[in-house]
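Asker: got a sequence here, can you build the structure:
(2 chains)
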There are 2 protein chains.
Amino acid sequence: MLGRAGVVTVDEARGILDMGLHPLPLDVERLPITAALGRVLSSDVVTDRPLPEFPRSTMDGYAVKARDTFGASDNLPALVAVVGEVLMGEEATQPVDKGQALRISTGGMLPPGADAVVMLEQTSPAGDDAIEVYRPVAPGENVVQPGEDIKAGETLLTRGHRLRPQDLGALAGVGATEIDVFRRVRVAIINTGNEIVEAGSAPRLGQVRDINSYNLMGLIQSDGGVAVRVGIIRDEYESIRAALGSALKDADVVAITGGSSVGTRDLTARVISDMGGPGVLVHGVSVKPGKPVILGVASGKPVFGLPGHPVAVSVSYELFIRPVLMRLSGEIDPIGLAGIPPVRVVSAKMTRNYSSSQGREDHLRVAIERIDGELYARPILGKSGLITTLVRAHGTVVVPLSKIGLSKGETVEVRLFD
Amino acid sequence: MLGRAGVVTVDEARGILDMGLHPLPLDVERLPITAALGRVLSSDVVTDRPLPEFPRSTMDGYAVKARDTFGASDNLPALVAVVGEVLMGEEATQPVDKGQALRISTGGMLPPGADAVVMLEQTSPAGDDAIEVYRPVAPGENVVQPGEDIKAGETLLTRGHRLRPQDLGALAGVGATEIDVFRRVRVAIINTGNEIVEAGSAPRLGQVRDINSYNLMGLIQSDGGVAVRVGIIRDEYESIRAALGSALKDADVVAITGGSSVGTRDLTARVISDMGGPGVLVHGVSVKPGKPVILGVASGKPVFGLPGHPVAVSVSYELFIRPVLMRLSGEIDPIGLAGIPPVRVVSAKMTRNYSSSQGREDHLRVAIERIDGELYARPILGKSGLITTLVRAHGTVVVPLSKIGLSKGETVEVRLFD
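Answerer: Numbers count the residues shown, from 1 in each chain, chains lettered A, B, ... in the order given. The predicted structure follows:
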């Protein structure tokens, strides 16, 4: 077991988990595009027909032979006979001959014989059945050619692409109203702790309601995963083992929360290791909060043992679970975007000094304030067991291992909660 | 009608719409917190009991009277008798007297008589029933006091707050498993155009499939709205009027897409104005693409006439519909976050020169590329009628009215599509 000898850095922990994880591809499901926003394509979408299938006007004006307008100017306009109109949504069958034009609207089909469109604004009527054209147009001007948007046989979107609104538009445009996507990643949440009771019940003295499951559920949902709450399990080897066993059957990822005490952490680690190799990969990471986090793989699936403090749950999620969800989702990150944080980042100035824990990457919660038009980051101090330190914050500042703190007035990058 | 005389700037158009719009508050619905992520609270959440309700240990160790440890050091440890253990999830009833300690785990209830917790690591056993303490603790050290997270009577979250994962955790923590939120904003999409056919059907020559409805639907969904597709309507006054009339009954916002031609635009404007004041507020904005956009209010509800070109639809949506959706959602933007773009922004260098249209705010699509670790923005050129220019892009660069272009190597801010 790697990392057992001592605590590892965040980057080391991520590397160890990444190397130890060999996920199988997710199942595929077929969805209407109206329900596919944010989902990841499981196969390339190749078009069989071009878009558009016919030349279309991009302007309101007149379909002409471009050469009939060559040399046209304000002083010497070209005179063209208007012989009819292209109706929207109809095949244009009436041809345009030399010296002729057909009225056409934006999106209309270019008629046979025409090779360009003169904008309405560059013409004026000359009697009932003719126009004067004041500017020359080049062949192809103000026309979208067949296949100019999408060619027949072109790969419109590739396997691993996460669908954005415009992608749905393009799929509709080629008639791909149903597509194959990977099913969502399922994350089971097991909550251990003899002091934890259901959020809907009234705790007695010594008991507290379950906070972590709901925070985690929200984090998983916002990343496009499906959160499956297994429930609150007693801090006993057999109970945790049974819960983990059934969670591994149903889910792709398991998060075991709670268990902040040394005894419980060891119990969680022991259960993970006993479920089949490779077991616990990392036990302890030099991060604050969240140091006692456990990263493991059981029955080929990633299993996380998260510290019980609510803030530690959020930090551990962002550092370790989110990247795994992204990897499992089947999404192939576009090359250029790799390394760009998955959340909004703003620059702000520290309102006060902050001393961080040396030898640990420190995740500081901050509230954003705007003073005289400038953004400031105000540290929200307080124990990592307090959920309200997260509620009052707008984002996080990461103080790297190598730094011992932040100075008042220093510019920091705040990763916003979205 | 404002803006009729001529085209207005983007900021002017937004101001005119903002002033002309007086939306009624949305209805309220009650939801379980498991279904409330991203929803907006319609009333404050005030807690009736403190969290926690009893003092809790934040460490594994021993509950003691702090004064019994004063002066303790490696050379002169304090000797304390261990008289029992606090069980997790149980009320701690056994008191700690002078010179005594109870074993306690993280999250355990501080017993009567104790006022601090000594960390396990700062003790060592001294026989079977005693420990030596090597560091003094102050009263309250390693303890969360009753109400330290949330006080009784405190406003945990306020009306207008959009719920994030940690907020769900906090709500669970105080037993608020159901909460009141504003219902989602409903946006009706009407697609006009005699050349448009359903995405699922086979277009004949002269016809194209509906792209804009699906792009718009995705944009609305990603902003938390409900998109209601009315369908494809013929470009005739009575048809558009009937569709708009029924859409205004059902939806909070109406978007009429298509109608790029002058005739159709005028038809859409006329229908909007005939539905009851104030009608069309803006007809034409100095933006590229999207200049012919119509902003109106009919029967008290915002109505948008969007140009038919797919890229113009996206730009108009981001500039005008998204801010209206945010306003109607009931969300009250936290003061400090006002003005931060609602999407991710990255800096990148232009790969080439770009001349923009003078006198218009230009929204340029770009692909992001990473070359030698640096980010570059490559303009995706092409007519705004081509949906694939949006598909191939990762984001948008806005060239303001006052600039005539961008230079190769210039650093620009790219607003990413998310």
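
Asker: residue at max distance from the center of chain A?
Answerer: Most distant residue from the mean C-alpha position of chain A: A:Gly127, 58.1 Å away (C-alpha atoms, centre = their mean).

Asker: what about it, which SS state?
Answerer: Secondary structure, DSSP: H, G, I helix; E, B strand; the rest coil: A:Gly127 is coil.

Asker: is the least confident helix or strand in chain A by mean pLDDT up against chain B anywhere?
Answerer: The weakest-scoring helix or strand in chain A, judged by mean pLDDT, DSSP states H and E, is helix A:262-274 (a mean of 87). Yes - using C-beta under 8 Å from any C-beta of the partner chain, helix A:262-274 comes into contact with chain B via A:Val262, A:Gly263, A:Thr264. C-beta coordinates here come from the backbone N, C-alpha and C atoms, glycine included.

Asker: from A:Gln122, how far off is A:Glu132?
Answerer: Distance, A:Glu132 to A:Gln122, by C-beta to C-beta, to the nearest Å: 10 Å.

Asker: so which of these two has more stuff around it?
Answerer: A:Gln122 (20 against 17; other C-beta atoms under 10 Å in any protein chain shown).

Asker: would you list the phi and psi of the residue nearest to that one when sequence neighbours are not counted?
Answerer: Nearest residue to A:Gln122, sequence neighbours excluded (C-beta to C-beta, 6 or more residues apart in numbering or on different chains): A:Arg135, at 4.4 Å. Phi and psi for A:Arg135, reported as degrees, to the nearest 10, are phi -140, psi 140.

Asker: any idea which strand is longest in chain A?
Answerer: The longest strand of chain A (DSSP state E) is strand A:361-371.

Asker: give me the helices and strands touching that one, please.
Answerer: On a contact count with 3 or more C-beta pairs under 8 Å, 6 or more residues apart in numbering or on different chains; DSSP states H and E, strand A:361-371 meets strand A:287-288, strand A:345-350, strand A:374-379, strand A:395-399, strand A:411-416.

Asker: now do it against strand A:345-350, angle only.
Answerer: Orientation note: strand A:361-371 sits at an angle of 80 degrees relative to strand A:345-350 (axes from the mean of the first three to the mean of the last three C-alpha atoms, to 10 degrees).

Asker: list the strands paired with strand A:361-371, with their directions.
Answerer: Applying DSSP bridges to the sheet, strand A:361-371 is found paired with strand A:287-288 (parallel), strand A:374-379 (antiparallel), strand A:395-399 (antiparallel).

Asker: you'd agree the residue nearest to A:Gln122 is up against A:Phe70?
Answerer: No - using C-beta atoms under 8 Å, A:Arg135 is not in contact with A:Phe70; the gap is 10.6 Å.

Asker: the two: which has the busier surroundings?
Answerer: More neighbours surround A:Arg135 than the other of A:Arg135 and A:Phe70, with 16 against 11 (other C-beta under 10 Å).

Asker: tell me how far the more buried one lies from chain B.
Answerer: The gap separating A:Arg135 from chain B is 17 Å, by C-beta to the nearest C-beta, to the nearest Å.

Asker: residues in contact with that residue?
Answerer: A:Thr69, A:Ala72, A:Ser73, A:Val118, A:Met119, A:Gln122 (C-beta atoms under 8 Å, 6 or more residues apart in numbering or on different chains).

Asker: quick check: the second one touching A:Thr123?
Answerer: No - checked against C-beta under 8 Å, the pair A:Ala72 and A:Thr123 is beyond contact range at 9.7 Å.

Asker: what about A:Ala202, how many residues nearby?
Answerer: By the criterion of other C-beta under 10 Å, A:Ala202 has 10 neighbours.

Asker: what sits closest to it if chain neighbours are left out?
Answerer: Spatial nearest neighbour of A:Ala202, chain neighbours left out: B:Gly175 (7.2 Å); criterion: C-beta to C-beta, 6+ apart.

Asker: quickly list what's touching both of A:Ala72 and A:Thr123.
Answerer: Jointly contacting A:Ala72 and A:Thr123 under the rule C-beta under 8 Å, 6+ apart are A:Val133, A:Tyr134.

Asker: quick check: bridge partners of A:Val144?
Answerer: What pairs with A:Val144, by the bridge criterion (DSSP bridges), is A:Arg56.

Asker: give me the pLDDT value at it.
Answerer: Predicted confidence (pLDDT) at A:Val144: the value is 97.

Asker: low-confidence bits of chain A, can you list those?
Answerer: Applying pLDDT under 70 to chain A picks out residues A:1-6, A:259-261, A:335-338.

Asker: domains of it?
Answerer: Following automatic domain parsing, one finds the domains of chain A at A:10-26+A:184-328, A:28-51+A:148-182, A:56-144, A:345-416.

Asker: correct me, but A:Val28 touches A:Arg159?
Answerer: No - using C-beta under 8 Å, A:Val28 is not in contact with A:Arg159, being 10.3 Å away.

Asker: list residues touching both of the two?
Answerer: Counting by C-beta under 8 Å, 6+ apart, the contacts common to A:Val28 and A:Arg159 are A:Ser42, A:Ser43.

Asker: how far away is A:Tyr354 from chain B?
Answerer: The value you get for A:Tyr354 to chain B, if C-beta to the nearest C-beta is used, is 18 Å.

Asker: next one: A:Leu171
Answerer: Counting by C-beta to the nearest C-beta, the gap from A:Leu171 to chain B is 7 Å.

Asker: that residue belongs to a strand, doesn't it?
Answerer: No - applying three-state DSSP, one finds A:Leu171 to be helix, outside a strand.

Asker: so what's the residue nearest to it when sequence neighbours are not counted up against?
Answerer: Counting by C-beta to C-beta, 6+ apart, A:Ile33 is the residue found nearest to A:Leu171 once chain neighbours are left out, at 5.1 Å. Contacts for A:Ile33 (C-beta under 8 Å, 6+ apart) come out as A:Leu163, A:Leu168, A:Leu171, A:Ala172, A:Ala176, A:Thr177, A:Glu178, A:Ile179, B:Ala199, B:Tyr214.

Asker: now a PyMOL select for only the buried ones of the residues of helix A:262-274 next to chain B.
Answerer: With 16 or more other C-beta atoms under 10 Å in any protein chain shown as the criterion, this PyMOL line picks the buried residues out of the residues of helix A:262-274 next to chain B:
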select buried, chain A and resi 264
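
Asker: ok, so of the residues of helix A:262-274 next to chain B, who is nearest A:Gly61?
Answerer: Closest approach between these and A:Gly61, by C-beta to C-beta: A:Thr264, at 75.3 Å.

Asker: now do the same contact list for A:Tyr376.
Answerer: By C-beta under 8 Å, 6+ apart, the contact set of A:Tyr376 is A:Ala348, A:Lys349, A:Met350, A:Thr351, A:Ile368, A:Glu369, A:Arg370, B:Gly336.

Asker: can you tell me how far A:Val117 is from A:Gly140?
Answerer: As for A:Val117, its distance to A:Gly140 is 10 Å (criterion: C-beta to C-beta).

Asker: those two: which is more packed in?
Answerer: Neighbour totals were compared for A:Val117 and A:Gly140, and A:Val117 leads with 30 against 15 (other C-beta under 10 Å).

Asker: what about the residue nearest to that one when sequence neighbours are not counted, how many neighbours?
Answerer: Nearest non-adjacent residue to A:Val117, counting by C-beta to C-beta, 6+ apart: A:Asn142, 3.9 Å away. Neighbours of A:Asn142 under the rule other C-beta under 10 Å: 22.
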